[in-house]
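J.: Turn this into a structure:
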Amino acid sequence: MYAPQILIEAALNGLMTGAVYALIALGLTLVYGVLHIINFAHGALLTVAMFAVWGAFALVHVDPYVAMIAIVPLMFGLGYGLQRFVIGPASHGNDNNVLLVTLGLSIVLENGLLALFTSDTRALDSDAALQVIELGPLLLSTPRVIGFVAALAVTGLLWLLLNRTDTGRAIRAVAREKLGARLVGIEVDHVYAVTFGLGCACLAVAACLLMPTYYVNPRSGAAFVLVAFTIVVLGGMGSIAGALVGGLIIGVVESFSGLLLGDSLGQIGIFLIFILVLLVRPAGLFGARA
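T.: Reported below is the predicted structural model:
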């Protein structure tokens, strides 16, 4: 039996980690909800953002949280440009082509990073990962607490953008009926690019929150995106609320699996959940049934 304090800390750490996982999944589910495609370059783009955070710290000593001010708009611009000038034109309006293009883009980005940075693992030379917040008898990692608060704030801002702005209304209109949106004057290609850019911006925020406690190499993003796919399936494809709730659930499951089975086997619980959801409720917790 574990002491109650250990179980509470495991649950809180799971929630905090899960919030950052949810942020990664948000970009994935947003792109799916509007473009109706799976972005296979999502992991490679996360790795690009993580290397950007590492570079900002290593070269000009910019704190990861401060670097967010520059890296988020840069990643938005990269995502917008990739969708508007690479993925869209290369797909010729065929969703199957989009899958192939994003897969090819993933390979190009990963190999480009490998050529530039080699396969060496890099981390921030900072004491931030060792800082803790005392909450009574509980000790919580400061970067994880910051990540939890920031992830919830970004999710809230994204919800406000989609539901309270003209851009958000255009995104929702295109997601629901592309042809109808085009007929009323909405520039669908622009909306697609903005959506892809927002997905990349979410990755940039996640990278800034992850790097104080994680490492980066040219394959780092792939591991996080496997978890993000599970979260999207659990919460429901295209659901913002589902991504958040799914991320929190997956974070807690991973934390308790790691506590009971060891860190090396901690992700077993995640993929058991993935299989169970596919068997019991394929549409996910917040997804609409077919």
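J.: Distance of Ala70 relative to Gly77?
T.: 11 Å (C-beta to C-beta, to the nearest Å). From N, CA and C alone the C-beta is placed, and that goes for glycine too.
J.: same check, this time on Ala3
T.: For Ala3, the distance to Gly77 under the criterion C-beta to C-beta works out to 49 Å.
J.: Compare these two (neighbour count), which wins?
T.: For Ala3 versus Gly77, neighbours defined as other C-beta atoms under 10 Å are more numerous around Gly77 (13 against 9).
J.: residue contacts, the more buried one?
T.: For Gly77, the contacting residues are Gly197, taking C-beta atoms under 8 Å, 6 or more residues apart in numbering as the criterion.
J.: three-state assignment of it?
T.: Gly77 falls in the helix class when you classify it by DSSP: H, G, I helix; E, B strand; the rest coil.
J.: Return the per-residue confidence for it.
T.: As summarised for this prediction, Gly77 has a pLDDT of 97.
J.: cool, and Ile146?
T.: We have a pLDDT of 94 for Ile146.
J.: Show the subsequent helix or strand relative to the host helix or strand of it.
T.: For Ile146, the enclosing helix or strand under DSSP states H and E is helix 142-164. Downstream of helix 142-164, the first helix or strand assigned by DSSP H and E is helix 166-176.
J.: what does that next one contact?
T.: For helix 166-176, the surrounding residues in contact (C-beta under 8 Å, 6+ apart) are 33-34, 160-163, 180-181, 184, 186, 188, 191-192, 194-195, 238.
J.: Strands along this structure, start to end?
T.: Remark: strands assigned in the chain by DSSP state E are 132-135, 138-141.
J.: list the buried ones in the last one?
T.: Right, the one you point to is strand 138-141. For strand 138-141, burial by neighbour count (16 or more other C-beta atoms under 10 Å) applies to Leu140, Ser141.
J.: list the helices and strands that strand packs on?
T.: helix 4-35, strand 132-135 (3 or more C-beta pairs under 8 Å, 6 or more residues apart in numbering; DSSP states H and E).
J.: Try it again at 10 Å.
T.: Secondary structure elements in contact with strand 138-141, counted by 3 or more C-beta pairs under 10 Å, 6 or more residues apart in numbering; DSSP states H and E, are helix 4-35, strand 132-135, helix 142-164.
J.: right, so the ones you listed: which one is the most enclosed?
T.: Highest mean neighbour count of the helices and strands packed on strand 138-141: helix 4-35, a mean of 23 (counted as mean count of other C-beta atoms under 10 Å).
J.: before we move on, back to that, can you redo the helices and strands packed on strand 138-141 as JSON lines with distance to Val86?
T.: Listed next are the helices and strands packed on strand 138-141 as JSON lines, based on distance: least, C-beta to C-beta, whole Å:
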{"stretch": "helix 4-35", "distance to Val86": "14"}
{"stretch": "strand 132-135", "distance to Val86": "43"}
{"stretch": "helix 142-164", "distance to Val86": "24"}
